[in-house]
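A.B. asks: got a predicted structure plus its sequence, pasted below:
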Amino acid sequence: MAALSVALFFLGVFFYSVYRTVWYGIGEWGLNKTVNWAWDITNFVWWVGIGHAGTLISAVLLLFRQKWRSSINRAAEAMTIFAVICAAMFPVLHMGRPWLAYWVFPFQNTFGSLWVNFNSPLLWDVFAISTYFTVSLVFWYIGLIPDFASIRDRAKGTIAKFSYSMLSFGWKGSAKAWSRYETVSLILAGVSTPLVLSVHTIVSMDFATSVVPGWHTTIFPPYFVAGAIFSGFAMVLTLMLITRVVFRLEDYITLEHIALMNKIMMVTGSIVGVAYITEFFIAWYSQVEFEQYAFINRATGPYWWAYASMMTCNVITPQLVWFRRVRYSIPLTFILSIIVNIGMWFERFVIIVTSLHRDYLPSSWAMFSPSIIDIGLYLGTLGLFFTLFLLFAKFFPVINMAEVKTILKYTVDNGPTYNPQKAAHAHAPQPAIGAPASAPITYNKHD
């Protein structure tokens, strides 16, 4: 309740900031003629990136038959949906007239010659993100149906029983239903996997297809995808470590899960670090003085502190995961996950603002500083995100019960053996403490 109160307060800040933006216009933000993309698009790209880990965990790891995903995929999928909702707010508000947002869709209209420009990556964004949101939502809901049926069968209250009956679509758990469920899951995983790569690739093309020094580079698509997975896994860790303690899920979200997610974060962080170095090399190799100046200005110009924060948080700090003690430490992992997301926010800020604030004409150079409404919108989307996530955790199963059951190891007394301390009999077969559900179990020959 305390967490929800804080989230609702920031949700109120969000609604106030949206009211000021819509009523008084974009002049409420800190934008100017030179820096016409800044805080809003930084937050848009940041939220889209956070939404990447859910689909990666759900779809790609399912196709690779990685059983360890089962404990974390439900919360990660929910996180994806809520993050995409938060991301969509920024470009819509940036239009200045959000009630005309439907003009971005190519529909038959009666407004004369109003046709969207299919050459514009901004239109590609609309298709990519709406498709990503729709597929993620369907994938998430399909996975919830068997769990809704389990809750329906145990619900006591009339309203709860009716609600979960409606949500479960009359699921009976028959062999045919399970067969179709698994087939649909695989099909959706196959559809979702290209989306993991395409969505942030298309978001990166907003920049890469321009001629602005610092943006016009072919490394952006893979670099943005790696960064998105990097920040997405960091947010999954932030949320799941808290959820693990609050709901006492230590037996299901084990230290092994945390260590594996840390490893993925370290790999993607290293890819991002290589991309930073490659950008500087390409700027030097191109021998284009404007490109070279853009990168020198990033590192040594007025926004050097943002660049230094980005390099520290995204490149140096994740290398601590090489140490086993850090990988398996819950407090250190939690701190690291927050540092990574701070660093990834600074990365988007550095790419957008430092490339725009000094262009070809020194007479038009300008600095950007966010207004109170800018900051209110950002904090407000955090409030929206956490409000949705806390309501999800309250009313929906945070762990995919149906899938976790399939990888539980059972004792000869027919009881799960996740927690050796709680085993009914001392001679029950026991896995190692902290081992994943799929860990092999040694049976006692006398049983």
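C.D. replies: Structure's in. What do you need?

A.B. asks: can you list the buried residues in stretch 218-235?
C.D. replies: Within stretch 218-235, the residues that count as buried by 16 or more other C-beta atoms under 10 Å are 219-221, 223-235. C-beta here means a position set from N, CA and C on the backbone, and glycine is covered the same way.

A.B. asks: now it, how far from the chain's geometric center?
C.D. replies: Here the centre of mass of C-alpha atoms in stretch 218-235, compared against the chain's by C-alpha atoms, centre = their mean, to the nearest Å, lies 10 Å away.

A.B. asks: and the helix or strand of the chain with the lowest mean pLDDT, which residues are buried?
C.D. replies: Sorting the helices and strands of the chain by mean pLDDT, DSSP states H and E puts helix 401-406 at the bottom, at a mean of 72. Residues of helix 401-406 classed as buried by neighbour count (16+ other C-beta under 10 Å): 401, 402, 403, 404.

A.B. asks: look up the closest residue to the second one, ignoring the ones flanking it.
C.D. replies: Distances taken as C-beta to C-beta, 6 or more residues apart in numbering put residue 146 closest to residue 402, at 4.0 Å, once the chain neighbours are dropped.

A.B. asks: cool, the third one as well?
C.D. replies: Spatial nearest neighbour of residue 403, excluding adjacent residues (C-beta to C-beta, 6+ apart): residue 70 at 4.1 Å.

A.B. asks: could you do the last one as well?
C.D. replies: Leaving aside its chain neighbours, residue 404 sits nearest to residue 70 (5.1 Å; criterion: C-beta to C-beta, 6+ apart).

A.B. asks: pull up the gap between that neighbour and residue 192, please.
C.D. replies: Look at residue 70 and residue 192: by C-beta to C-beta, to the nearest Å, they are 16 Å apart.

A.B. asks: again, but for residue 268
C.D. replies: Note on residue 268: its distance to residue 192, by C-beta to C-beta, is 18 Å.

A.B. asks: with residue 117 instead?
C.D. replies: Per C-beta to C-beta, residue 117 is found 28 Å from residue 192.

A.B. asks: who's more crowded, these two?
C.D. replies: Ranked by neighbour count (other C-beta atoms under 10 Å), residue 117 and residue 192 place residue 192 first, with 25 against 9.

A.B. asks: quick check: that one is in a helix.
C.D. replies: Yes - using DSSP: H, G, I helix; E, B strand; the rest coil, the secondary structure at residue 192 is a helix.

A.B. asks: need the contact list for it.
C.D. replies: By C-beta atoms under 8 Å, 6 or more residues apart in numbering, the residues touching residue 192 are 55, 58, 59, 135, 136, 139.

A.B. asks: identify the farthest-apart pair in those residues.
C.D. replies: For the contacts of residue 192, with distances taken as C-beta to C-beta, the pair at the greatest spread is 58 and 135 (10.2 Å).

A.B. asks: quick one: which of these two has more around it?
C.D. replies: The neighbour count for residue 58 versus residue 135, taken as other C-beta under 10 Å, is higher for residue 58 (28 against 17).

A.B. asks: what's the distance between residue 214 and residue 272?
C.D. replies: Distance of residue 214 to residue 272, computed by C-beta to C-beta: 16 Å.

A.B. asks: now do residue 96
C.D. replies: For residue 96 relative to residue 272 (C-beta to C-beta), the value is 33 Å.

A.B. asks: who has more neighbours, those two?
C.D. replies: Just comparing residue 96 and residue 272: by other C-beta under 10 Å the higher neighbour count belongs to residue 272, 25 against 11.

A.B. asks: in stretch 166-179, what counts as buried?
C.D. replies: For stretch 166-179, burial by neighbour count (16+ other C-beta under 10 Å) applies to 167, 168, 171, 177.

A.B. asks: looking at the residues you listed, which is nearest residue 352?
C.D. replies: Comparing these against residue 352 with C-beta to C-beta places residue 167 closest, at 40.6 Å.

A.B. asks: for residue 205, which non-adjacent residue is spatially closest?
C.D. replies: Spatial nearest neighbour of residue 205, chain neighbours left out: residue 121 (4.2 Å); criterion: C-beta to C-beta, 6+ apart.

A.B. asks: check contacts around that neighbour.
C.D. replies: 202, 205, 206, 209.

A.B. asks: mind doing that once more with 10 Å?
C.D. replies: Residue 121 makes contact with 128, 202, 203, 204, 205, 206, 207, 208, 209, 210 under the criterion C-beta atoms under 10 Å, 6 or more residues apart in numbering.
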